[in-house]
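Engineer: Structure of the sequence below:
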Amino acid sequence: MTAGAQADAATDTAGWPSWTLDERQLGDLELLLSGAFAPLAGFMSGADVAAVAEHAALADGTPWPFPVTLDVPAGAIASDADRVMLNDPEGTPLAVLEVTDRSPVYADEGNDGGPGNGGGADNDGGADNDGGADNDGGPGSGALVRLGGRVTANREPEHGPFRRLRLSPAEARTELGDVPVLAFATRGPLNSRQIGQLRHLAGQLRARILLLPLISGPADVVTRPEALIRSVLAAAGSLPASTLVVPVPLARRGGPADEMAARAVVAAAYGASHLFTDNADPGIPAGQGGPGPSGPGPSGPGPSGPGSSGADGDTGPVPAAVIPVVSAGDWAYDPAADVWRPLALIEAGTERAELTPGELGDLLDAGAEVPAWFTPPAVARELRSARPPRAQRGFVLFLTGLSGSGKSTIARDLRDALAERSDRGVTLLDGDLVRRLLSAGLTFSRADRDLNILRIGYVAAEIARHGGIAICAPIAPYAAARARVREMVSETGDFLLIYVATPVEVCEARDRKGLYAKARAGVIDHFTGVSDPYEEPADADLVIDTSAMSRPEATAAVLGLLKSGGWLSETEPQA
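Structural biologist: Residues are numbered from 1 along each chain as shown. Okay, the predicted model is just below:
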């Protein structure tokens, strides 16, 4: 079996269960099918995962350094299913998994060492998930099952921005030719120090440069994958014209060793003879190796190719032992020469360190200029575009609290106050209104409550994506659902959680609709604060109690948070 095996015709899926892949699973599938994860031909079995953890090799002895797994909620796929259609989030059938192994995923174990992530997009227990398990938090979603087996392509994936740049490993190797290739796999934008080091090392190695923006999961500083690609393309303008940029859907692995190994395996598959490692990347220690496979690398010069020992700084084996890692050592900015160079060549005490990602993010949030010495102007423009100042950015105010806490009243006052500024559109997504329209027909079961919150979050995220302000005021009693909305919104804008912490006895005394009385009499089931729990937020950006402050004071407190954080200017609009 080969990792890139393709089906000759569309697979007959009659009667097969299907699984909608999440972003991580989708990226791993693409790398399996393209051959980037060769010699793997599919998702690993439980025995393979255990062997990799212990010996850095598959169960059959084939060297391999990190797990590649497919975890799904128990019950999502029938236990007797021997084939599963794997779909992208739009429902396109991409590949068939031949299930040859099932193994439980234990509480301290997840996909590649991280938290268990069985929930794919739109896996809501419908017919095509064969069994009705609720993959969004319902029965069975707490336990995961690992499915192992070969995957066979059904059709080419079509998702993702800059698809024209997404060369296969074979296409990239052909494009690069039979020459040394220095690769840099990155989850963040490049700065001038990295550009200088790449030019320096590529010159010593007489190598072409291959930039691999890793686009599965949030990118550093700029968050969105398309923004990362644009920033890397902008940086490529300061590198030799032969530089090749190939986006790769490689998800973050469990720890530094697995991350390093995964980058090395992928870089080698795409034609690299050397891998540049960045001293400033806290997750990837420079020049450090570890156990891993020593399988064949790509065609062309390998570790003993021209110039492989000519780079200064640290060199050492990649954990995968496919290609050597090279580092340029410690560099800094020399103000006297207006250039980045090795620290040893700069007069002691005059050097300038680069901005940390946090410092760079603070500059962008405030709308301050990115220093020209830190990154080329073309990259700075992309950074400002991807991360505009908070005063111009879309955001979501998410008010949560018990029924009668005052969150809807505060939300309406905030809508009016923010609309008076007229610089950004303001949309109010109140709990009762959403229930009548967006979530009509849903019950008050936990699964339906969570689905209601996710629908609100989706709409709010789209509003923020287009630079607007969304104000949400549902009860949102469960922390997991609120966290998913925060994650969803944070891909496109900013999320601020406001906990309206009015005590339940005050809420009940205010109850003009008589809901609490009906709940205590058993007329209303699943009533938060009476017969259903409310999980108090531990991650609120602001906590207010309307039993201890007036309505104007509560509204002013939220506006004060927006001003102090830079989302609103300190000056009031003119009357």
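Engineer: for the stretch 351-500 of the chain, which spans come out with low pLDDT?
Structural biologist: By pLDDT under 70, the weakly predicted segments of the stretch 351-500 of the chain are 422, 431.
Engineer: right, I mislabeled it, should have said the stretch 201-350 of the chain
Structural biologist: Low-confidence segments of the stretch 201-350 of the chain (pLDDT under 70): 279-280, 282-321.
Engineer: For it, just list every one of the helices.
Structural biologist: 225-236, 256-269 (DSSP state H, counting those that start in this stretch).
Engineer: Pick out the residue nearest the middle of this structure.
Structural biologist: By CA atoms, centre = their mean, the mean C-alpha position of the chain lies nearest to Gly217, the distance being 2.3 Å.
Engineer: residues in contact with the nearest residue to Pro342 once chain neighbours are set aside?
Structural biologist: Excluding its sequence neighbours, the residue lying closest to Pro342 (CB to CB, 6 or more residues apart in numbering) is Trp331, at 5.6 Å. Heads up, the C-betas are built off the backbone N, CA and C, glycines and all. Counting by CB atoms under 8 Å, 6 or more residues apart in numbering, Trp331 touches 193, 196-197, 340-343.
Engineer: which one is Arg173 nearest to, not counting chain neighbours?
Structural biologist: Closest residue to Arg173 apart from its sequence neighbours, by CB to CB, 6+ apart: Gly271 at 4.0 Å.
Engineer: wait, doesn't the one you found sit right on Leu176?
Structural biologist: Yes - between Gly271 and Leu176 a contact is recorded at 4.3 Å, counting by CB atoms under 8 Å.
Engineer: tell me which of the contacts of Trp331 is nearest to Pro180?
Structural biologist: Comparing the contacts of Trp331 against Pro180 with CB to CB places Gln197 closest, at 16.3 Å.
Engineer: Measure how buried the residue nearest to the closest one when sequence neighbours are not counted is and give me the count.
Structural biologist: Nearest residue to Gln197, sequence neighbours excluded (CB to CB, 6+ apart): Ala328, at 3.9 Å. Using other CB atoms under 10 Å, Ala328 has 26 other residues around it.
Engineer: Measure how buried the residue nearest to Arg173 is and give me the count.
Structural biologist: Count around Gly271 with other CB under 10 Å applied: 28.
Engineer: From Glu156, how far off is it?
Structural biologist: Applying CB to CB, to the nearest Å, the value for Gly271 to Glu156 is 21 Å.
Engineer: Deepest-packed of the helices of the stretch 201-350 of the chain, please.
Structural biologist: Counting by mean count of other CB atoms under 10 Å, helix 256-269 has the highest mean neighbour count of the helices of the stretch 201-350 of the chain, with a mean of 26.
Engineer: Check which helices and strands that one sits against.
Structural biologist: For helix 256-269, the packing partners by 3 or more CB pairs under 8 Å, 6 or more residues apart in numbering; DSSP states H and E come out as strand 181-186, strand 208-213, strand 274-276.
Engineer: again, only using 7 Å
Structural biologist: Contact here means 3 or more CB pairs under 7 Å, 6 or more residues apart in numbering; DSSP states H and E; on that basis helix 256-269 packs against strand 181-186, strand 274-276.
Engineer: Next, the contact list for Asp413, please.
Structural biologist: Asp413 makes contact with 551, 555 under the criterion CB atoms under 7 Å, 6 or more residues apart in numbering.
Engineer: How about the helix or strand in which it is found, which residues are buried there?
Structural biologist: Per DSSP states H and E, Asp413 falls inside helix 407-419. Buried residues in helix 407-419, counted by 16 or more other CB atoms under 10 Å: 407-411, 413-415, 417-418.
Engineer: ok, now stretch 157-164?
Structural biologist: Neighbour count says stretch 157-164 has 157, 159-162 buried, by 16+ other CB under 10 Å.
Engineer: any idea how far the longest helix anywhere in the chain is from the chain center?
Structural biologist: Ranked by residue count under DSSP state H, the longest helix found in the chain is helix 446-465. The chain centre lies 18 Å from the centre of helix 446-465; the measure is CA atoms, centre = their mean, to the nearest Å.
Engineer: Next secondary structure after the strand or helix carrying Met85?
Structural biologist: Per DSSP H and E, Met85 falls inside strand 83-87. Once the chain leaves strand 83-87, the next helix or strand it forms, by DSSP H and E, is strand 93-98.
Engineer: what residues does the helix or strand where Cys507 lies touch?
Structural biologist: Applying DSSP H and E as the criterion places Cys507 in helix 504-510. Residues outside helix 504-510 that contact it (CB under 7 Å, 6+ apart) are 402-405, 516, 529, 547.
Engineer: repeat that for 8 Å
Structural biologist: 402-405, 516, 529, 546-547.
Engineer: again with stretch 414-429
Structural biologist: 394, 397, 411-412, 438, 456, 459-460, 463, 467-474, 555, 558-559, 568, 573.
Engineer: returning to that earlier point: what's the closest of the helices of the stretch 201-350 of the chain to Glu382?
Structural biologist: With respect to Glu382, and counting by CB to CB, the nearest of these is helix 225-236 at 4.3 Å.
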